[in-house]
Each structure stands twice: as C-alpha cells, then as structure tokens.
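>>> Quick one: sequence plus predicted model below, questions after.
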Number of protein chains: 2
Amino acid sequence: MAQQGFWSLGGDNAGANTGNQSPSTPRAWCQAAASKLSGGLGSKLCALLNVGELEKGAEPAAKQPPGDRACCLRLQQILQLHQSFCGLLRPLFNSDAKTMIFLQEVVDILMAYIVESFDRDTKVIDFHYPNELLQKNNWELQSEPASLDEILISCRATLKYAIKTAHPRYFNQLSTGLDMVGLAADWLTSTANTNMFTYEVAPVFVLLEYVTLKKMREIIGWKDGQGDGIFSPGGAISNMYAMLLARFKMFPEVKEKGMSCVPRLAAFTSEHGLVPFFVSATAGTTVYGAFDPLIAISDICKKYSVWMHVDGAWGGSLLMSRRHRWKLDGVERANSVTWNPHKMMSVPLQCSALLVREEGLMQSCNNMHAVYLFQQDKHYDLSYDTGDKALQCGRHVDIFKLWLMWRAKGTIGFEAQIDKCLELSDYLYNKIKDREGYEMVFNGTPQHTNVCFWYLPPGIRYMEDKEERKKHLHKVAPVIKARMMEYGTTMVSYQPQGDKVNFFRMVISNPAATLEDIDFLIEEIERLGQDL
Amino acid sequence: MAQQGFWSLGGDNAGANTGNQSPSTPRAWCQAAASKLSGGLGSKLCALLNVGELEKGAEPAAKQPPGDRACCLRLQQILQLHQSFCGLLRPLFNSDAKTMIFLQEVVDILMAYIVESFDRDTKVIDFHYPNELLQKNNWELQSEPASLDEILISCRATLKYAIKTAHPRYFNQLSTGLDMVGLAADWLTSTANTNMFTYEVAPVFVLLEYVTLKKMREIIGWKDGQGDGIFSPGGAISNMYAMLLARFKMFPEVKEKGMSCVPRLAAFTSEHGLVPFFVSATAGTTVYGAFDPLIAISDICKKYSVWMHVDGAWGGSLLMSRRHRWKLDGVERANSVTWNPHKMMSVPLQCSALLVREEGLMQSCNNMHAVYLFQQDKHYDLSYDTGDKALQCGRHVDIFKLWLMWRAKGTIGFEAQIDKCLELSDYLYNKIKDREGYEMVFNGTPQHTNVCFWYLPPGIRYMEDKEERKKHLHKVAPVIKARMMEYGTTMVSYQPQGDKVNFFRMVISNPAATLEDIDFLIEEIERLGQDL
C-alpha cells in the first residue's frame, strides 16, 4: 500500500513543474492528491472529499453546489456527521475510514504533545497531588461505552498531567528523553502486536533480537560474538535471570529438586562458611555512577570458580564509546552482563538485555519441555524459538526500537550521543565544584554522568553547629524539589546515602539537553533555594 | 494545542453551509484548513503549503506562478527537497517540521498495514524460513547511520514479513486481534515514555492502575474491591509474584534469611511429607480451556491454611461475562488471582494483572527500603509509589491500553466481545463434532473457546491397524499447519498431549472473526489435508 510513488501526484513530475499535466481544477487536484496519498493522511482526505467511502447511514449530501467550492461544502456536511459518530471502529465494524480518522486524530494529539515536550517554554510537569488529580477528570470505569470524542478527551487529559520525559530539562531518572526513531519503532511494535516466544509468530523480531544480541556480545568482547542472551522487562529481571543461571550452572539438580538439595548459597563472597556462587559487580551505580574494578573481581571469581555477573544496567552503554569503555575493562571475562539500552542510550522504555557467555545454558536452565507451546515437529529451525530461554514464556517485543535506532544512528551515532551526555556532566561538575554554596558528595571526577552535590542556601552556609547545619541541609533538597515540581520548570532526583543527608543526584541521558539547560538547572536551584 | 475547534474551518460553521463565509479561493481554503488542523496532519499540510516553516537551507521557492495552482507547484518543490533530507530529527536537531513529516510517514505505513491486516484477501503471513528471511533485507547493524528513507524501508520490510495478528483468520495464540482504541492507547503510552515506579514520574498512569485494579478486584468479588495488585510483564511473572507472596506469608523470615531457614516447601499438596504452602488452581488451561473446581479447592486450602492462587491468565476474563462467570465460582475465596487482559480481552501485548486479597502484603514481601529510589520525605502521599511492591523496580506502563479500551467499550462492551467469541467456538464445536473426518479430543462441550480436534484425511479414516493409524494421524496436523503457513491463508495451533497424538487446538479471542471465518478454517483444513 505504501508505495515508492507516495509523494508524486501523477506519473510525470516534470510536467507538473511547467503546469502542463497538472489536474485542471483545484478540486480535481485535491481529489487526485488524496487518492495518491497512502494510509492515514490519504484516508482522511478521501473521507473529507468523498462521502461514498463512508458507511451507510451517513446523511446523503443532497444538493451539491456546482464548481470549485463543492469540496468545501461537502466537507462541512461530513464533518458534522463525524461529530456524532461514536465507536464504530475496526475490528468490530468494517469501517476503515472512521478507524483511520480516529487514529489520525490521536496521532495529531501525540504530535502536538511531542512538539510541546521539546519546547523549553512548556512546563516539565503540571503537578497535582493524587487526590486533586483524581478529581481533575472522570477516571472511573463505567458499564456503558464512552463516545470516541470522550476517548480523545481522555487522551488529552492523560497527556496534560503526564510528565514530559522528553523535555530537555527533565533530569529525574536514568531514563530520559524521547528518540523519534525509537518512538516510531515502538508505534510499529504496538501495531504488529505480537509475542517473542517463537519464530512462528514473530519471525522478523526474533531475527533482529538474534542479530542485535550478537552485536552486543561482540562489543562486550566475547569471541566472534558467541554466547546467548535475551531481552527482559528491566534490569531487576535481567539480574534475576543471571542468578538463576549461575545457580543452575553450579548445581544443575536445583532445577528438578529445588533449593533443599543444594548447600546454603551466598551471592557475593561471605565469611559465614556458605557457598559463594555468584558475584555481581556493578558497572555504573545508580547514585554515584561508580564502576567496580572488573579485572580484579574477575581474578577472584576465576580462582574460586564463582559466576561473575556485571550489572551494567546503567553503565553498560559506555561500551559503545571508544573514549569511555575502559571503565568496563574486564567485562569480557564476565559470565553474564545486564545492559539496559533504555537508560543511557535513550531507547524507549523498556529495553533491557541480559547477555550470557555460555551457549545453551539458558535453555538447559529454563526449558520446561511444554510441547503444547514449542512443538518439536515444526517445519523450520527450532533454535530460533526463544520462549524456553527464561522464566517468562511470552515476552514483549522490545528489540525493534533498539534495532531501528541503531540503524538510524549507526554505532557512531550512539557513541556521539553518549559522549555528549558525559561532556555535559563534565561541564556541570566543573561549573559547581568550586562554586560558592556547593559541596560535592564524593571526591574526584564522576565516572558516569552522575554528579552528586549539596546546595547550601546562604542562611546555612556559615552555620557553626555542624549537627544543626546537617539537620537543616537534609531538608533543603526535598523542598527545592517540591518547588521545582510545583513550578514545573525542571526535575532532578535527590536522596540520602548512608550517613550523608539529602543531596541532589544529577544525571544526564537526554540527548536534547544542552549547556544552557545545565546553566538553567543551577540558576533554578539557587532561585528556589536561596530563602531556605 | 489540539483544541475543541479542531474540525471547523472558521468561527461560523452555519455560514459555510450557505457559502457566505467560505474562504474565497481554494488556495485560501487549503491554507485555512491546514492552519486549523493541529498536530501531524496540520504540520504536514503546512509544510506542503508554506516553505516558511522549514529550516534554513531549504531551497527558496523563487518564482511563484500566480493564481490557484500556486500550491501545487510549491508542493512539488518541497517534495523534491524532502526526498533528500536525511535524519535531522528531534531531539538532536530543532526540526519540528521534519520530525512531524517523518512520524506521519511512519503512521501512514502503519495505517496501510492495519487496513491490510483486516482484509481477508491479504495473507496472514508471508512465510520464509529463517535463513531465507535473513537474506531478504539488510538486517545487520552498521557503524554508519542510515538515511530516513532507509529507515522507512526497514519499517516496510519488517511489516511485510510480520504475522498479521489482527487478521480475522489468525487463530494461532491465546492473544489475537488488534483493538483500535487499545492501539491508540499504546501509541500514547510510547509517546509518554515513562515508568510505573513512582507517582512522581507517572501520576496519571499510577492513578489509572489504582482505579482499574480496584475495579478488577470488585469483579472478582472481594469486598468493596479491597486488596492490592500490580500489572506485570506476563502471566509467568504474575504467577511467580503470587508464589513469593504465599511463601512470605507463611514464612516471613524467608525474606531476610533465605530458603535454608524454611522447611522444604511444596507447591500443590504432596505425599512426600513436605510443607504445602501454595495451591495454584487453573481457570482456563492453555490447551483444553478447562476450569478447576474453585469452591472445592478453596475448602481444602482453608482447611490446611494453604495459599490459594487462581491462574486465570486465560480464563479470568470470563469474569466480565454474566453468562460465563459461573465457571469461576469460588474465585472470590482465592488469596491471589492472575488475569491477563492481553488474552481474552484483546488488549495489546502485554497486559497481565496479579490481584492480591490482603492489603500491605506485597509491600512487606518485596520492599527493599532503597531510599535512593523511594524518598520518604517527598511532598505527596507515598502510598501511590508502586516500585517496592514487586521484584521489578521499573515497570512498563501496561495500564493505559486496558483503561482506555474499558472506557471505550464499557464493561458491557467487553462482555459482548467475550460472549461473541464463546458463541463462535460453540458454532465451531457443533459444526465439527459429528462431521465426517473429525474426532474430538475431549468429551463434552468446551468450557472456554478452546476446541480440540483431530482431522482425519480420507486415506486414514478407515485404517484398521490402530497403531498405524495413530502414527499417520500424528503427522497430519504438522503438515497441514506448515501448508497453512506457506499459503498464508490462516494459522491455528496444534500439539500432542500425554498419549494423544498431534491435534488442532482452535481458540478464538479475536473480535474480528466471524462465522464465515470459522467455515473457512474447516474448508481450508480439508483442502490442505485431504491428500494426506
């Protein structure tokens, strides 16, 4: 349907430039244009210009005024009809035109939201307390259907109160930003609406997962990209899958006989005489962005035959950067690696990969021989069925957004995006490390984009009683954050850590952010916090 | 941006009907129309009609021919320019017009795919073996970026080889069909691109999850909808979460001290002297669609104080139907229930809920007190933060598609949809149960939409050697299925079960299916299988 000649109005473009072969009247041109445009836009225009395509029951357009204005008048009638239609969409009704108009209206709402999201004059958030928000709209579920107009109103209301996670001044989480190719890929994924468990129901997506996981293993440094892997719903699940593999590798009987047949296990080495089976080294901690020394850890794991896992949910993406990948030196010695492209690579949520060095282990650990799910006499190569590789059977298609973004940017594009975010955090660090009113939480330059700092309002800057000062300081970040949300100007995370009172943790993963946004953040913290 | 007056071309609609206040020329009308349309369509039309909005570097439209054809000529120039643009999208470049045009082109591709998917003359699948498919397109990831044209080609190729899961003759899985409101909601979810772990980053979605889970608990029959729950990535994870809760409920020390501190546990009662802690009753098995007797099971669970879980991943949706919910009588006595709206309710993948009767237990079982994720001094009611209720921290937003579909259909709409699918399976059952060449796999009418049957080609119908006949019959379903996929006409699942050789398992969850599609399936099985 969507053909090469999408944009051309006729067979002879050159002719149109001289006007020779253009349709003779504007109305004819409109109709020719509409009929040539494929998909949503074409359907919408066709629906505007021809009642013929609408279902029976449409009020017939009785008297057509002649001439060029006919399309305008016809349009008016159809639009009035449209106002009153309610819910006769695919798949229940054979109503392509109405379906396309509805979807196009939703897309228009989404496009407007995207434009707004990147606009620095728009609020990051229109904040309301939960009980207020409950009253802002009718969120309750009813017995009776709502009209499509009401559905569109619900869409608008939902976006009105949503956080604009694409906003260049949204720094609140490790996952920020909105990549347009990634978004398009996610829309396509929703439309394809399938499941990852077999090649049979997701041939392309299964192949793309295969291709991409292999590429990621090559980047980790495993010979010829050999090994295994899977995309899972987030870092916690990826890490859990790694622990299950490690336990199975050391005690295969655990699968059949359960935990009572294995000695008492310990993740991390321990002094209590337990059996260490799993070390999880972190590449990029959540708060400090710190990297464990992977080479030293791998030496110990090798000596004691313990499974080495690298949790690179946050830091794994630095493998894409020639300038920063040394921070993960030794990762190639790991047995398994968690790497979340939905964090530092700005792939839409969720996209988390577990990479495993040993081939076949995932299958041995997790397969349940459910022949009703994985028939062994199918006519294609069954090694492409992935549903027995993990605790999950069905899995959401998370691969396409990563694959399409990778294709659009190339490896060098991802590298540039990651390097840019690290440069921005470097700029922030240098800007505040000696600035009056700021104290850094840890010594030395940040390893990742995490910059952790206290802002001290003038009133407590020179307080002599250290305990009193600490007590005050603990309240500063929460108040500034609450004010940020009420003004809606920016969002950044804060937390205490051990004996350290509440401090700001700035992270940068949004490619839309610029130096000016960093400057703005500092000005805003000072504006909102100076009276505290 | 998307305002109420979206569709009106001027302030006075009535005037347009008499022609008095219509724009004076078609070109003026086009411009007025384009400027009134919000979002993507508006941007696209504006981009077509005005070079002014395009970035600098656009070739200026030098000499404008006068009159009504101006817009056509301007259009040609812009389109040629557009052909050559490559990749300057948001968020890296401040290029709203290009971004919107790109997204609109993707939407057009998706709309065309949707129209095709519902068309019975289209193949369900354009099947290729894995090694063939690898060669059909360049799926490899490169160092260098691709152009946006290449990205669009990738999108088209991906959909060309995808399974049309919305197709009225796709019966292969428990999850089939594509609901337009659900799809729109999923596109919106992708665009909002946030995470479910706190109210802070997903205020609306967290509230909608709260509202919907409460409604689902009411439907289960728990007093005033009290209790707890969460949406998880699929039935396997929902069921696992239920087991963790049951284990924690009986042995809270397991959280701190691990499995070695609890006796050897057994899920299901057992004769081996172990401690039963968990019974999982199934409401709707995968192959037969059978329902366990929940009242009888609940009596036993109550007597022995064992956690009762109902795995209603497939059958839970029958709770929405007044005619069929008796099959789950006793579900209100369960401690936890898994219910996947992505199966029988046709919500886009994935959408799985775990409902829990006891309030507070999910939090006690799973919270890790990670203050860096869940600050305790935030300015809103922290009970809305959900990130500590499960093993996952981040969760994909799976609620909006269910909530928006529920709003669009109402409870009665879901009921009608479910009842219709059960009626279709009843029709199928009655059609084949006494038909020559068919044998049913289990006795009696199906409880769910699962109809399990053998098709016996004429050649083996009267074979006397029972073993020989069985051996032949085992090969029939796989060959017919392979032929279905090669012709691409329909898809239905098959499997062996215990000592039963391969049989077809037909399920109906796609609201697009009709009686004619059931007839077609039977004709197609006979056409493809008669020579076997």
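Yep, it's here.
>>> Look up phi and psi at the residue lying closest to residue A:332 once chain neighbours are set aside.
Spatially, and ignoring its direct neighbours in sequence, residue A:332 is nearest to residue A:221 (3.2 Å; Cβ to Cβ, 6 or more residues apart in numbering or on different chains). In short, each C-beta sits where N, CA and C put it, glycine included. The phi and psi torsions at residue A:221 (degrees, to the nearest 10) take the values phi 110, psi 10.
>>> how far does the longest helix along chain A sit from the chain's center?
Under DSSP state H, the helix in chain A containing the largest number of residues is helix A:399-432. Relative to its chain's centre, helix A:399-432 lies at 14 Å (Cα atoms, centre = their mean, to the nearest Å).
>>> Which other helices and strands does it contact?
Helix A:399-432 sits against helix A:180-192, helix A:203-220, strand A:438-440, strand A:451-455, helix A:515-529, helix B:148-160, with contacts defined as 3 or more Cβ pairs under 8 Å, 6 or more residues apart in numbering or on different chains; DSSP states H and E.
>>> again, only using 7 Å
Judged by 3 or more Cβ pairs under 7 Å, 6 or more residues apart in numbering or on different chains; DSSP states H and E, the packing partners of helix A:399-432 are helix A:180-192, helix A:203-220, strand A:451-455, helix A:515-529, helix B:148-160.
>>> so residue A:91 touches residue B:513, yeah?
No: the pair residue A:91 / residue B:513 is not scored as a contact, 8.8 Å apart, by Cβ atoms under 7 Å.
>>> re earlier: would you tell me which one of the helices and strands packed on helix A:399-432 is buried the most?
Mean neighbour count (mean count of other Cβ atoms under 10 Å in any protein chain shown) peaks for helix A:180-192 among those, with a mean of 26.
>>> for that one, the distance to its chain's centre please.
11 Å.
>>> and the angle from that helix to helix B:148-160?
Between helix A:180-192 and helix B:148-160, the angle comes out at 20 degrees (axes from the mean of the first three to the mean of the last three Cα atoms, to 10 degrees).
>>> residues making contact with helix A:180-192?
By Cβ atoms under 7 Å, 6 or more residues apart in numbering or on different chains, the list of residues contacting helix A:180-192 from outside reads A:347-348, A:397, A:400-401, A:404-405, A:408, B:89-90, B:99, B:102-103, B:106, B:110, B:113-114, B:151, B:155, B:158-159, B:162, B:183, B:186-187, B:190-191, B:348.
>>> And for stretch A:436-451?
Contacts of stretch A:436-451 (Cβ under 7 Å, 6+ apart): A:284, A:287-291, A:314-315, A:327, A:421-422, A:425, A:428-429, A:432-433, A:452-456, A:461, A:500, A:503, A:505-509.
>>> Could you do stretch A:328-338 as well?
For stretch A:328-338, contacts defined as Cβ under 7 Å, 6+ apart pick out A:220-222, A:235, A:238-239, A:242, A:245-246, A:283, A:291, A:294-295, A:298, A:307-313, A:315-316, A:318-319, A:352, A:354-357.
>>> before we move on, back to that, selecting buried members of the contacts of stretch A:436-451 in ChimeraX, what would you type?
In ChimeraX, a selection of the buried entries from the contacts of stretch A:436-451 looks like this (16 or more other Cβ atoms under 10 Å in any protein chain shown):
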select /A:284,287,288,289,290,291,314,315,327,421,422,425,428,429,432,452,453,454,455,456,500,503,505,506,507,508,509
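>>> From residue A:219, how far off is the most centrally placed residue in chain A?
Closest to where the C-alpha atoms of chain A average out (Cα atoms, centre = their mean) is residue A:348, at 1.9 Å. According to Cβ to Cβ, to the nearest Å, residue A:348 stands 21 Å off from residue A:219.
>>> go on, residue A:172?
For residue A:172, the distance to residue A:219 (Cβ to Cβ) stands at 28 Å.
>>> how close does residue A:179 sit to residue B:90?
Counting by Cβ to Cβ, the gap from residue A:179 to residue B:90 is 9 Å.
>>> Those two: who's more crowded?
Using other Cβ atoms under 10 Å in any protein chain shown as the criterion, residue A:179 and residue B:90 rank with residue A:179 on top: 28 against 25.
>>> And for that one, nearest residue in space, chain neighbours not counted?
Spatially, and ignoring its direct neighbours in sequence, residue A:179 is nearest to residue A:346 (5.1 Å; Cβ to Cβ, 6+ apart).
>>> Three-state assignment for that neighbour, please.
Three-state assignment for residue A:346 (DSSP: H, G, I helix; E, B strand; the rest coil): coil.
>>> before we move on, which element is the nearest residue in space to residue A:287 that is not next to it in sequence in?
Distances taken as Cβ to Cβ, 6+ apart place residue B:372 nearest to residue A:287, at 5.0 Å, with adjacent residues excluded. According to DSSP states H and E, residue B:372 maps onto no helix or strand at all.
>>> In contact with residue B:372, which residues?
Going by Cβ under 7 Å, 6+ apart, residue B:372 touches A:286-287, A:495, A:497.
>>> For chain B, state which of the residues you listed is nearest.
Nearest to chain B, judged by Cβ to the nearest Cβ, of these is residue A:495 at 3.9 Å.
>>> Can you spell out which residues form a bridge with that closest one?
With DSSP bridges as the criterion, residue A:495 is bridged to residue A:503.
>>> which residues touch it?
A:287, A:502, A:505, B:371-372, B:375 are the contacts of residue A:495 under Cβ under 7 Å, 6+ apart.
>>> quick check, nearest of the residues you listed to residue B:95?
Of all those, residue B:95 sits closest to residue A:505, with 31.7 Å by Cβ to Cβ.
>>> Quick check, pLDDT for that closest one.
According to the prediction, residue A:505 has pLDDT 97.
>>> Perfect, that will be all.
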